[in-house]
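Peer 1: give me the fold of what follows.
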Amino acid sequence: MEDHLNSKGLCQVCREELTTIHAEAAPGLEIFVCEKCLESAKQNFIWICVHCGNVFIRPKSLVLKRLSDPGLKQAYKQCEDLQIIQGIDRCIECHPEEIVEYVAAAKNEKSGGHC
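Peer 2: Sure, this is the predicted structure:
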């Protein structure tokens, strides 16, 4: 995250505070996050859908407890002490059919392709 006085925007997590703290999520796409929300990222995983702007905040302990994929669980455990606000391509709100298809395919792959 960078803090530049010449660039100011509304925090995309709480949508309440103007801030200069931002990062470039993709070329030309800046994500602004206020200090309060950055502090919240110590105890929570925060995901921002870069397609629709929806924000998902979940306690780190709950996410780690519910993960079943060992590789993903290990990756998130390694980030447990970091402040991470992650951009996601799509979410259940803006692309529900794609998320349902992805979950179904992942379950099918896990069961070896059998019904």
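Peer 1: list the helices and strands the helix or strand containing His22 packs on?
Peer 2: With elements delineated by DSSP states H and E, His22 resides in strand 21-26, which encompasses its position. Packing contacts for strand 21-26, counted by 3 or more CB pairs under 8 Å, 6 or more residues apart in numbering; DSSP states H and E, involve strand 2-3, strand 29-32. C-beta: built from backbone N, CA, C; applies to glycine.
Peer 1: need the least confident one among those, by mean pLDDT.
Peer 2: Ranked by mean pLDDT, the helices and strands packed on strand 21-26 end with strand 2-3 at the bottom, a mean of 60.
Peer 1: state the distance from Ile46 to Lys107.
Peer 2: Computed with CB to CB, to the nearest Å, the distance linking Ile46 and Lys107 is 26 Å.
Peer 1: these two: who's more crowded?
Peer 2: Under the criterion of other CB atoms under 10 Å, the comparison of Ile46 against Lys107 puts Ile46 first, with 19 against 9.
Peer 1: contacts for the longest helix along the chain?
Peer 2: In terms of residue count, the longest helix belonging to the chain (DSSP state H) is helix 96-110. Taking contacts as CB atoms under 8 Å, 6 or more residues apart in numbering, the residues outside helix 96-110 that touch it are Arg90, Cys91, Ile92.
Peer 1: kindly format the C-alpha coordinates of that helix as PDB.
Peer 2: Provided in PDB are the C-alpha atoms of helix 96-110 (Å, rounded to 0.1, in the frame of the first residue of the first chain):
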ATOM      1  CA  PRO A  96     -23.600 -16.400  -8.900                       C
ATOM      2  CA  GLU A  97     -23.900 -18.900 -11.700                       C
ATOM      3  CA  GLU A  98     -20.100 -18.900 -12.300                       C
ATOM      4  CA  ILE A  99     -19.400 -19.400  -8.600                       C
ATOM      5  CA  VAL A 100     -21.900 -22.300  -8.400                       C
ATOM      6  CA  GLU A 101     -20.400 -23.900 -11.500                       C
ATOM      7  CA  TYR A 102     -16.800 -23.500 -10.100                       C
ATOM      8  CA  VAL A 103     -17.900 -25.200  -6.800                       C
ATOM      9  CA  ALA A 104     -19.600 -28.000  -8.600                       C
ATOM     10  CA  ALA A 105     -16.600 -28.600 -10.800                       C
ATOM     11  CA  ALA A 106     -14.300 -28.600  -7.800                       C
ATOM     12  CA  LYS A 107     -16.500 -31.100  -5.900                       C
ATOM     13  CA  ASN A 108     -16.700 -33.300  -9.100                       C
ATOM     14  CA  GLU A 109     -12.900 -33.200  -9.400                       C
ATOM     15  CA  LYS A 110     -12.400 -34.100  -5.700                       C
END
